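Trainee: Build me a structure from this.
(one chain, ligands or ions: 1)
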Amino acid sequence: MIETWMKKHAPLYTAATRHPFILSIRDGSVDLSAFKRWLGQDYLFVRAFVPFVASVLLKACKESDEGSDMEVILGGMASLNDEISWFKAEASKWNVPLTTLLPQKANHDYCSFLESLISPEVEYTVAVTAFWAIEAVYQESFAHCLQEGSKTREDLRETCERWGNDGFGQYCKSLQSIANRCLLKAPDNGVVSRAERVVLRVLELEVEFWNMSLEEI
Ligand code: HMH
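Mentor: All right, here's what the predicted structure looks like:
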């Protein structure tokens with residue numbers, strides 16, 4: 001199901017995973033002020049992402065008939081804990097102040113969207129599919145910065161490895177299998193098309209998030 005969507009929406013998927021900001025990291029031409037803007041804003045995003053992932057975990061416990069879903073999602077939460085510490089250390093390395101930082105519009109829009117998905121009315125299938133899409137965009141994007149032919153700066157490799165490493169790739173595959181299983185078993189009540197629309201919205205919001213990183217403020 002997910003692979004079919006990715007083919008159907010290939011232009012948007014590519015826009016999200018091969019964005020000019022990512023391509024500039026990959027070819028070594030990245031503007032460091034854009035990188036710093038991304039770093040600070042993504043720290044705020046990740047803080048808002050935690051309650052969303054917690055809500056997916058809660059839905060998995062209540063709605064999933066597969067016990068291993070909980071473990072995959074819990075693993076994701078654990079890595080977010082690690083990620084928040086990493087953001088703090090990385091921000092201090094780049095002199096990016098985090099405490100005074102305010103979310104920019106694209107970030108605010110994305111966080112509001114996450115908040116809307118926390119609602120108990122949003123089915124587990126829709127929420128876990130969104131979760132997969134959010135993680136997969138980062139995995140695909142940053143893995144591209146490490147693949148053959150990349151000229152990623154040495155001081156940005158660790159960032160790319162956070163999301164581009166094989167373990168994170170495996171984790172995204174697990175989320176994709178969970179989402180696919182839920183979508184295949186979903187009742188014929190519109191949940192599948194709601195999930196598809198949510199994926200498209202995630203892809204748009206990711207493009208806007210990258211755009212924001214490139215924009216001077
Ligand atoms: C904007 N999307 C954004 N930030 C992230 N850290 C992820 C996805 C993946 O965790």
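
Trainee: Check the secondary structure at Ser29 for me.
Mentor: coil (DSSP: H, G, I helix; E, B strand; the rest coil).

Trainee: now the strands: where do they sit in this protein?
Mentor: Here the chain has no strands by DSSP state E.

Trainee: how much space between the residue in it sticking out farthest from the centre and the ligand?
Mentor: Largest separation from the mean C-alpha position in the chain: Asp188, at 27.9 Å (CA atoms, centre = their mean). Distance from Asp188 to the ligand, counting by CB to the nearest ligand atom, to the nearest Å: 31 Å. Glycine gets a C-beta too; all of them are placed from N, C-alpha and C.

Trainee: From the contact counts, what lies against the longest helix along the chain?
Mentor: When the chain is parsed with DSSP state H, its longest helix is helix 32-63. Judged by 3 or more CB pairs under 8 Å, 6 or more residues apart in numbering; DSSP states H and E, helix 32-63 is in contact with helix 20-26, helix 67-93, helix 105-118, helix 124-144, helix 191-214.

Trainee: most neighbours per residue, which of those?
Mentor: helix 124-144 (a mean of 24; mean count of other CB atoms under 10 Å).

Trainee: can you list the residues of the chain near the ligand?
Mentor: 42, 45-46, 134-135, 137-138, 206, 209 (CB under 6 Å from any ligand atom).

Trainee: if you set the cut-off to 8 Å instead, what comes out?
Mentor: 41-42, 45-46, 49, 80, 83, 107, 110, 134-135, 137-139, 163, 205-206, 209 (CB under 8 Å from any ligand atom).

Trainee: Redo the helices and strands packed on helix 32-63 as JSON lines? Include mean pLDDT.
Mentor: Output for the helices and strands packed on helix 32-63, formatted as JSON lines (pLDDT from 0 to 100):
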{"stretch": "helix 20-26", "mean pLDDT": "98"}
{"stretch": "helix 67-93", "mean pLDDT": "97"}
{"stretch": "helix 105-118", "mean pLDDT": "98"}
{"stretch": "helix 124-144", "mean pLDDT": "98"}
{"stretch": "helix 191-214", "mean pLDDT": "98"}
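
Trainee: what residue lies at the spatial centre of the protein?
Mentor: Ile134 (3.0 Å).

Trainee: which ones are touching the nearest residue to that residue once chain neighbours are set aside?
Mentor: Of all residues not flanking Ile134 in the chain, Val202 sits nearest, at 5.6 Å (CB to CB, 6 or more residues apart in numbering). Residues in contact with Val202 (CB atoms under 8 Å, 6 or more residues apart in numbering) are 113, 130, 133-134, 137.

Trainee: Could you check which residue of the chain lies nearest the ligand?
Mentor: Here the residue of the chain nearest the ligand is Tyr138; by CB to the nearest ligand atom that distance is 3.8 Å.

Trainee: Could you report the pLDDT at the residue farthest from the centre of the chain?
Mentor: Predicted confidence (pLDDT) for Asp188: 94.
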